[in-house]
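Colleague: the amino acid sequence is not available; the structure is as follows:
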Ligand SMILES: CCCCCCCCCC(=O)SCCNC(=O)CCNC(=O)[C@H](O)C(C)(C)COP(=O)(O)OP(=O)(O)OC[C@H]1O[C@@H](n2cnc3c(N)ncnc32)[C@H](O)[C@@H]1OP(=O)(O)O
């Protein structure tokens with residue numbers, strides 16, 4: 001049975017970490033090869049900024065230009081790429097609260113077609129936190145931040161330890177980030 005993505009009544013407010021970027025700051029690319037945020041030809045190339053929230057929760061706004069090589073139906077964005085974009089935006093906003101985290105469950109509702117050549121503005125918010133679990137939600141708007149809603153998402157992210165990556169990621173990618181082969185071997189022994 002699918003686990004609920006609804007915010008539990010006893011979830012705590014999820015504010016930005018004291019060392020996280022401030023409201024208005026652009027988020028740095030978190031990896032030079034990330035499909036979501038890096039400036040690579042085949043990537044989504046999302047640009048993201050920290051946004052304000054009345055209640056003080058962590059919020060991120062992201063922009064995505066819809067390119068001809070991202071089509072599913074003729075002239076329209078492939079649906080899986082909206083889900084990928086939400087994964088990036090929601091993963092980025094969660095990282096303002098605590099890290100590292102991974103997506104455990106992500107649900108997308110496709111509300112309107114998304115024409116190629118237009119711009120998507122996505123917003124992600126950490127609605128609350130309970131232990132390792134972070135409950136997040138997102139909206140995607142066409143053309144500007146307050147444009148028509150074309151998609152919505154809800155997700156659950158889980159905080160993990162660095163061992164998650166030391167045990168599971170490809171060794172050469174870890175080594176490219178400065179992790180030693182000894183650290184990788186120790187985590188896997
Ligand atoms: C600066 C960085 C910016 C990053 C932006 C980009 C972000 C991109 C994020 C990603 O795409 S991450 C890649 C996609 N995700 C994964 O590869 C995760 C694969 N899954 C796993 O590794 C494990 O299933 C996971 C770490 C998520 C959970 O395993 P654990 O062994 O740590 O958790 P456990 O099974 O003990 O479950 C802990 C709780 O979470 C719940 N849970 C676990 N998996 C769940 C799930 N899939 N759906 C719902 N609930 C889940 C589980 O029921 C339980 O609830 P309770 O504590 O209430 O009993």
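Modeller: Yes, it's here. From a predicted model like this one, the values you see are computed outputs, not experimental measurements.

Colleague: show me the helices in the chain, by range?
Modeller: Applying DSSP state H to the chain gives helices spanning 79-94, 163-168, 171-176, 181-188.

Colleague: chain center to the third one: distance?
Modeller: Averaging C-alpha positions (Cα atoms, centre = their mean, to the nearest Å) puts helix 171-176 22 Å from its chain's average.

Colleague: returning to that earlier point: and the helices of the chain: which comes nearest the ligand?
Modeller: helix 79-94 (2.3 Å; Cβ to the nearest ligand atom). Glycine gets a C-beta too; all of them are placed from N, C-alpha and C.

Colleague: the closest one and the ligand, any residue contact?
Modeller: Yes. Using Cβ under 6 Å from any ligand atom, we find that helix 79-94 touches the ligand at 87-88, 91-92.

Colleague: average pLDDT for that helix?
Modeller: Averaged across helix 79-94, the pLDDT comes to 98.

Colleague: chain center to it, what's the gap?
Modeller: 4 Å.

Colleague: could you do stretch 163-176 as well?
Modeller: Worked out by Cα atoms, centre = their mean, stretch 163-176 lies 20 Å from the chain centre.

Colleague: list the contacts for the residue of the chain most remote from its centre?
Modeller: Most distant residue from the mean C-alpha position of the chain: residue 189, 31.3 Å away (Cα atoms, centre = their mean). When contacts are counted by Cβ atoms under 8 Å, 6 or more residues apart in numbering, residue 189 touches no other residue.

Colleague: how near is it to residue 176?
Modeller: Distance of residue 189 to residue 176, given as Cβ to Cβ, to the nearest Å: 22 Å.

Colleague: what does the protein have sitting close to the ligand?
Modeller: Counting by Cβ under 6 Å from any ligand atom, the chain comes close to the ligand at 3, 30, 36, 87-88, 91-92, 95, 99, 102-105, 156, 158, 160.

Colleague: quick check: the farthest pair among those?
Modeller: Largest separation among the residues of the chain next to the ligand by Cβ to Cβ: 3 and 30, giving 26.6 Å.

Colleague: so the two - more neighbours on which side?
Modeller: Using other Cβ atoms under 10 Å as the criterion, residue 3 and residue 30 rank with residue 30 on top: 15 against 9.

Colleague: am I right that that one is in contact with residue 92?
Modeller: Yes. Contact criterion Cβ atoms under 8 Å: residue 30 and residue 92 qualify, at 7.5 Å.

Colleague: can you list residues touching both of these two?
Modeller: Common contacts of residue 30 and residue 92, defined by Cβ under 8 Å, 6+ apart, comprise residue 37.

Colleague: pLDDT below threshold where in the chain?
Modeller: Residues of the chain that meet the criterion pLDDT under 70 lie in 1.
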